[in-house]
Each structure stands twice: as C-alpha cells, then as structure tokens.
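Peer 1: Here's my sequence, what's the structure:
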Amino acid sequence: MAAITYKCPNCDGGLIFDPSSQKYHCEFCLSDFTQEELDVPEPEDSQAVLYTCPSCGAQIVTDETTAATFCYYCHNPVVLSGKLTGRFAPDYVIPFQIDRQKAGEIFSQWIGRKKYVPETFYNKKQIESMSGVYFPYWLYSCRVDGELDAQGTRLRTWDTAGMRYTETTVYDVKRQGTMEVDHVARNGLRKANRQLVDSVLPYRMNEKENFSMGYLSGFLAENRDMEKEQFVLDVQTEVRQFALQSLQDQAGSYSSMQVRKKEAGIRDEKWSYALLPVWTLTYNDKARGKIYYFALNGQTGKICGKLPVDRKKIIILFFSVFLPLFLLLMTGGYFLG
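Peer 2: Here you go, the predicted model:
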C-alpha cells in the first residue's frame, strides 16, 4: 500500500493544511498552495495510519506525515498499531475552517465567563494542547413520500343575551407530499465520546468536499467502529416521524384532530461516510481523579463540555458572602425578637 506525502514544491518541506486560508502551508519557506496547485495524485490503495492509545484504547487515524504526540482523551502517548483498509476511506470531508489560534480564543472567551473554574484550567499551556481531530460520521439521505388523512374539528364560542353558544365545524384534512432529506448525521463511534462529538452538531453540509488525504495534514482523525447497518432502523424511524409531523403541522390549526391514516414511504436511500472537524481539549483533574472533555466545532465554532469546579473558590464564596449574610440575618432576628 502506498503512502501519501505532501511536500512543498519550492523547498521540499512538509505541508500542513491551514484552516484560515484553506490552503496548504509550508512552515519552512512560508509558501502557500491550493489543492489544485499541488495536484498530488492519490493512489487507489492509499491508506491512513491507525494509532491505538495504550492507556484508554481510543483509536486515532491520521496520515503518515502527522505526528500523533498524545491521545486527546487521556493525554497519553499513542503508538502505531496498523493501517486502515480501503473500506474506511471517507466519501467527504469538511475541512477545518477555524485554526488553532481562533479555537483557543473562542475557548478562552467561553471559560472567561465562568467564575468557579480552577486556575490551572486557565493555563495557556492547557489551551495550547487542543487537538484538531476529524471525527467519523455516517450521513443518510433519502426521499420520503408522506400521506395524511385526518378529521379536524374547530370550535367557535360566543355569548349573546346572556346565553353561550358553541359552533362545531368538522373538516376532512388530507395532505400529501415528498420531502428531500439530506445528510442526517450519525456518529460512527461506539464509545462514550459519541456524546462529545454529537453535541457540536450541526455542520453546514453544503460546504463538504470530496475526501482528500491532504486535509488530514497537521490534524488527527478517528476511525469509526460502527457500520451504517447499525443505524438503519433508528434513522428511518426518525425520518418518518419528522415527515409525518411536518405534514400535520402544515394541515392548519384545529381545536382537535383525529388521524385516520398516516403513511410515510422511504425511497432513494443513500449512505455516505464523512470526516467532520472538531477541536478537542482534555482536562485531567488529578485531585479528583476525573477527566473533563471539551469539543469545539471546527467549522462553526459551537463549543460544549462540562467545566470543572474549584472547591476552594466555592468555600471562599461561602465564607465571604453567604456566611456574613447568614450571621446578619441571625443578628437581625435576635434584635427584632
């Protein structure tokens, strides 16, 4: 199997994909190149490299030019364990559009609004340890033919000469239509980190690109461990329910509605596999023996994660605010009594 390397045409230095310029950047001669200018052929048997963390077992995928120095889950070193087969090659990729500096600024602004975060969490070195990771997603697209047959009832009530009247009108409600469904995403990881990367959805899928190994240059990528067959029933149910609910919402406003028939048929199903960009950060709270995970959408900047709380700051808050207030209330109650 051939390996792909991206070299600078000017100085032969290694190239890294730059999210801010959407070009390949040489850190040696500072040259920039577009994908078209490089025109690096990708062999049909090209492979990425699979690393396995010896501590937590997470699998991380990257091309051979990227240095995987630590696991973004537990910050432990990773080791080479094998190569991926062709069936793991993605169809699409959304390149990183937020670079490391911008990601750090967004994260710093986010935690800057939190008062009770440990001081060590604000450490510049901690923020600089953010990892740019491509996570695997299955994308489901289809057409849904929906039909709704129902009976809607509207009530109108008014008062005249001290009497209350109610008018009941019954309608036959029929709706049908076809809905285009594009790129319903399902994260392809079995482990708990699925919740982490799902929380940064959605992405602007119209900005996806055909997959090229070059986009991985300078980043990590995680391999899927779930196949599309495991999501078929779940995603079909979600799509049908959404289509039928959309028909009912378009039926109009009624006091009540009795559904006599509702059907949703799915056709033209298509699955594709994509890598989507996420900046990840791990904070190891050694005092509590707990690890905190954070994720930032590498395209939109949406951030999520559960922040640690500094108990010392909480105790200081208690003694500086709540305890004096409690004593004041107790003293006031004594004198009033």
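Peer 1: which is the next helix or strand following the one helix or strand in the chain whose mean pLDDT sits lowest?
Peer 2: Using mean pLDDT, DSSP states H and E, strand 79-83 stands out as the lowest-scoring helix or strand of the chain, at a mean of 44. The element immediately downstream of strand 79-83 (helix or strand, assigned by DSSP states H and E) is strand 92-93.
Peer 1: Pull up the pairing partners for that following strand, direction included.
Peer 2: strand 209-210 (antiparallel), strand 256-285 (parallel) (DSSP bridges).
Peer 1: The helix or strand just after the last one: partners in the sheet, and parallel or antiparallel?
Peer 2: Going down the chain from strand 256-285, the next helix or strand is strand 290-297, by DSSP H and E. Sheet pairing here is set by DSSP bridges, and for strand 290-297 it gives strand 256-285 (antiparallel), strand 303-305 (antiparallel).
Peer 1: Same list (these) but as CSV, adding mean neighbour count, mean pLDDT and distance to L244.
Peer 2: Yep, even glycine has a C-beta here, placed from its N, CA and C like the rest. CSV is the format used below for the strands paired with strand 290-297 (neighbours: other CB atoms under 10 Å; pLDDT from 0 to 100; distance: least, CB to CB, whole Å):
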stretch, mean neighbour count, mean pLDDT, distance to L244
strand 256-285, 17, 92, 5
strand 303-305, 19, 88, 30
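Peer 1: Can I get those in TSV including distance to A103?
Peer 2: Shown next, in TSV, are the strands paired with strand 290-297 (distance: least, CB to CB, whole Å):
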stretch	distance to A103
strand 256-285	4
strand 303-305	9
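Peer 1: Excluding sequence neighbours, find me the nearest residue to T153.
Peer 2: Among residues not flanking T153 along the chain, S256 sits closest, at 4.8 Å (CB to CB, 6 or more residues apart in numbering).
Peer 1: ok, now D172?
Peer 2: Spatial nearest neighbour of D172, chain neighbours left out: Q151 (6.6 Å); criterion: CB to CB, 6+ apart.
Peer 1: Toward the C-terminus from the helix or strand harbouring that neighbour, list the very next helix or strand.
Peer 2: Per DSSP H and E: Q151 is located in strand 131-160. Moving toward the C-terminus from strand 131-160, the next helix or strand (DSSP H and E) is strand 163-187.
Peer 1: now that next one against strand 131-160, angle please.
Peer 2: Using axes from the mean of the first three to the mean of the last three CA atoms, to 10 degrees, the direction of strand 163-187 lies 170 degrees away from that of strand 131-160.
Peer 1: Extract the residue ranges of the stretch 51-200 of the chain that are flagged as low pLDDT.
Peer 2: Scanning the stretch 51-200 of the chain for pLDDT under 70 picks out 51-55, 58-85, 113-123, 191-194.
Peer 1: Neighbours of Q250, how many?
Peer 2: Number of residues near Q250 (other CB atoms under 10 Å) recorded here: 10.
Peer 1: so how far is L233 from it?
Peer 2: Taking CB to CB, to the nearest Å as the measure, Q250 falls 26 Å from L233.
Peer 1: Likewise for A103?
Peer 2: Going from A103 to L233 by CB to CB gives 36 Å.
Peer 1: So the two - more neighbours on which side?
Peer 2: Remark: of A103 and L233, A103 carries more neighbours, 24 against 9, as counted by other CB under 10 Å.
Peer 1: Now do the contacts for T34.
Peer 2: 22-24 (CB atoms under 8 Å, 6 or more residues apart in numbering).
Peer 1: ditto for G188
Peer 2: Applying CB under 8 Å, 6+ apart, we find G188 in contact with 136-138, 224-227, 273.
Peer 1: Filter those down to the buried ones.
Peer 2: Buried residues within those, defined by neighbour count using 16 or more other CB atoms under 10 Å: 136-138, 224, 226, 273.
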